[in-house]
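> Sequence first, then the predicted structure:
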Amino acid sequence: MTLRSQGALYGPGEGFVLPRPKVTERLALPASATGGGLTIMEITVEPGGLVAPEHTHTREDESAYVIEGELTLKLGGELLTAGADSALFAPRGTPHTFFNAGTTTARMVLVVTPGNLDEYFKGIPALGAGGPPPRHRVAEHAAEYGMALRPESLAELAERHGVTLV
């Protein structure tokens, strides 16, 4: 990170990374660099990858720009497919999730406004003690940040779309 008098620069490979088998999430520009106004994440989703169970934010909105590949956004029960150069918006209070039901890797830039979730992402590895964290612990952790996860959506998403968290 390079600090500037009027901001910050985070270069390639900098920022917290939360790797999972089919999804890699990188805090490319954390809220601490934006005065809490927003967080920018780069998310890579392999075929069959699910970014998160269906969930609802009470404190922030999510906007995404698909850089490459194709992603599906389940938004309030509706499925929206977004290819490269598409932009998506998931407002707070609306259940949603992102996944890759395609055959090629997808990448997106996700903007969280305001930037309230950095510590949520950084706290996930500690929930699993070296392995995948138990779903109930992740749900409890999410609730501390004003999110309601629907772990029961995992089975439906796997059955209907062939996507998983692991």
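Okay, I see it. Since the structure is predicted, the reported quantities are computational estimates derived from the model, not experimental observations.

> neighbours around the closest residue to Ala158 other than its chain neighbours, how many?
Spatial nearest neighbour of Ala158, excluding adjacent residues (C-beta to C-beta, 6 or more residues apart in numbering): Thr164 at 5.4 Å. For glycine as for every other residue, the C-beta is placed from the backbone atoms N, C-alpha and C. Around Thr164 there are 16 other residues, counting by other C-beta atoms under 10 Å.

> tell me the phi and psi of Thr164?
The phi and psi values for Thr164, taken as degrees, to the nearest 10, are phi -140, psi 160.

> From Ile43, how far out is it?
16 Å (C-beta to C-beta, to the nearest Å).

> Was I right to think the residue nearest to Ala158 contacts Arg20?
No - using C-beta atoms under 8 Å as the test, Thr164 is too far from Arg20 to be in contact (10.0 Å).

> Enumerate every residue touching the spatially most central residue of the chain.
The chain has Val51 as the residue nearest its centroid, 5.6 Å off, counting by C-alpha atoms, centre = their mean. Val51 makes contacts with Val23, Glu25, Ile43, Val45, Thr97, Phe98, Phe99, as judged by C-beta atoms under 8 Å, 6 or more residues apart in numbering.

> Tell me the one of these nearest Gly35?
Glu25 (21.9 Å; C-beta to C-beta).

> any idea how far the closest one is from Phe98?
Look at Glu25 and Phe98: by C-beta to C-beta, they are 11 Å apart.

> Need the residues touching each of those two.
Between them, Glu25 and Phe98 share these contacting residues under C-beta under 8 Å, 6+ apart: Ile43, Val51.

> which one of those two has more residues nearby?
Neighbours per residue (other C-beta under 10 Å) separate Glu25 from Phe98, with Phe98 holding more: 27 against 21.

> does that one sit in a helix, a strand or a coil?
strand (DSSP: H, G, I helix; E, B strand; the rest coil).

> any idea how far it is from Met108?
Phe98 sits 7 Å away from Met108, taking C-beta to C-beta as the criterion.

> got any residues that touch both of those two?
Residues touching both Phe98 and Met108 (C-beta under 8 Å, 6+ apart): Ile43, Val45, Ala64, Leu71.

> Let's have those residues in TSV, adding distance to Ala82.
Formatted as TSV, the shared contacts of Phe98 and Met108 follow (distance: C-beta to C-beta, whole Å):
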residue	distance to Ala82
Ile43	13
Val45	12
Ala64	8
Leu71	5
